[in-house]
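# need a 3D model of the following:
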Amino acid sequence: MKFSTKKKQGAYPYNFSGLLKTFLTAVIYFVAAKLSLFLAFEGTNATPVWPPTGIAFAAIFLFGYRVSPGILLGAFLANSLVLSEMGIVISTSISTALVTAIGNTLEAVVGVYLFKYFSKSDSPFTSIKNVLIFIGIGALFSTTISASDLPPKPDP
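Model (predicted):
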């Protein structure tokens, strides 16, 4: 059996560029999330619109699935800060923020995966068919993944 000593091209843990893209995705997602949370309904972290989803989709389309941890980190930090500012107990705010961050991350990952599966394309804007698939999967179906998070219950 022969083992190769070559590093795989683009292997995530060994690639500084990949780490930088993941970090920048986290920062951009966090800033967009914090700004979006100004639109949140009183006493919740629920908003009528969530622009960071578009950032997550774009990041995965541009850089690949390897930036998913950046989405997770950005979403977790933004939501945990907002929930702790609302006066929710730290353990509850951390667990709720983690579940929400997982939902936000899965929304983008599943959405991009399903788009690529059904369209057989890497770009959502190359044809009308792809745009319609992107709207159906990205805007309608995959958003139900993050919307299924449970809201925090107020402490007694």
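
# could you use CA atoms for every contact and neighbour count after this?
Will do.

# now the closest residue to Leu98 other than its chain neighbours: which helix or strand?
Nearest in space to Leu98, with sequence neighbours left out and distances taken as CA to CA, 6 or more residues apart in numbering, is Phe76 at 5.6 Å. According to DSSP states H and E, Phe76 maps onto helix 68-85.

# show the average pLDDT along that helix.
Average pLDDT, helix 68-85: 91.

# give the buried residues for it.
Going by neighbour count (16 or more other CA atoms under 10 Å), the buried part of helix 68-85 is 68-80, 82-84.

# among those residues, which one sits closest to Val112?
Nearest to Val112, judged by CA to CA, of the buried residues of helix 68-85 is Ser68 at 11.4 Å.

# check the gap between the closest one and Ile94 for me.
As for Ser68, its distance to Ile94 is 19 Å (criterion: CA to CA, to the nearest Å).

# which parts of stretch 134-142 are buried?
Under 16+ other CA under 10 Å, the buried positions of stretch 134-142 are 134, 137-138, 142.

# now those residues as a markdown table including secondary structure and distance to Phe23?
Converted to a markdown table, the buried residues of stretch 134-142 look like this (DSSP: H, G, I helix; E, B strand; the rest coil; distance: CA to CA, whole Å):
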| residue | secondary structure | distance to Phe23 |
| --- | --- | --- |
| Phe134 | helix | 26 |
| Ile137 | helix | 27 |
| Gly138 | helix | 23 |
| Ser142 | coil | 24 |
